[in-house]
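Novice: I would like the atomic coordinates for the input below:
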Amino acid sequence: MDINATLLGQAITFAILVWFTMRFVWPPLMEAMEERAKRIADGLAAADKGRHDLELAETRAKTILREGKQQAQENIIHAQKRADEIIEEAKANARTEGERIVAAARDQITQETQQAKEQLQREVGRLALVGAEQVLMREVDANAHRDVLDKLAARL
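Specialist: Down below sits the predicted model:
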């Protein structure tokens, strides 16, 4: 065998192999590679979209958190104002009740003072009658009269 014939046989075999590979093996390989490249590109696009969605979610979460804090501050301020109003109402009610109690106490003191005056007047009147009775019962003696008046004064 000649080296040229072997070389020619190998070249023809190689050409058939290249043709067979180009015709039957290459298209499915290219299709698989293109599909894989497409899946990789889709995966990267999905990752970018996911990253973008995550950023949007973080922004929304921060916004909601900020709004929640602001609402909480407003609620605290409103509650503090209401507490101050309730305290002021309680103070006003306490003042009114205190004034009513003081007025009632003054009225009671006035009544008790009036009753004490009336009782004292009755007692003075009774003592005056007792003293006059004793003076009239005894003889009209200046010393005895003075003793009775001294006793009467001591009783008052």
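
Novice: what's downstream of whichever strand or helix holds Leu56, the next helix or strand?
Specialist: Assigned by DSSP states H and E, Leu56 belongs to helix 26-137. Reading on from helix 26-137 to the C-terminus, the next helix or strand found by DSSP H and E is helix 142-155.

Novice: what comes up buried for that following helix?
Specialist: Val148, Leu152 (16 or more other C-beta atoms under 10 Å). Where you see a C-beta, it was placed from the backbone N, CA and C, and this is true even at glycine.

Novice: what's that helix packed up against?
Specialist: helix 26-137 (3 or more C-beta pairs under 8 Å, 6 or more residues apart in numbering; DSSP states H and E).

Novice: rounded mean pLDDT for the helix it packs on, please.
Specialist: The average pLDDT within helix 26-137 is 90.

Novice: give me the angle between that helix and helix 142-155.
Specialist: Taking axes from the mean of the first three to the mean of the last three C-alpha atoms, to 10 degrees, one finds helix 26-137 and helix 142-155 inclined to each other by 170 degrees.

Novice: which secondary structure elements does helix 26-137 contact?
Specialist: Packed next to helix 26-137, using 3+ C-beta pairs under 8 Å, 6+ apart, are helix 142-155.

Novice: how far does the helix it packs on sit from the chain's center?
Specialist: Here helix 142-155 is found 79 Å from its chain centre; the criterion is C-alpha atoms, centre = their mean, to the nearest Å.

Novice: likewise stretch 42-49?
Specialist: 46 Å.

Novice: export that stretch as CSV, just CAs?
Specialist: Extracted in CSV, the C-alpha atoms of stretch 42-49 (Å, rounded to 0.1, in the frame of the first residue of the first chain):
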residue,chain,number,x,y,z
ASP,A,42,-33.6,33.5,31.0
GLY,A,43,-32.1,32.6,34.4
LEU,A,44,-30.0,35.7,34.3
ALA,A,45,-33.1,37.8,33.3
ALA,A,46,-35.1,36.2,36.1
ALA,A,47,-32.3,36.9,38.6
ASP,A,48,-32.2,40.6,37.4
LYS,A,49,-36.0,40.8,37.7
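
Novice: show me what contacts Leu56?
Specialist: With C-beta atoms under 8 Å, 6 or more residues apart in numbering as the criterion, no residue contacts Leu56.
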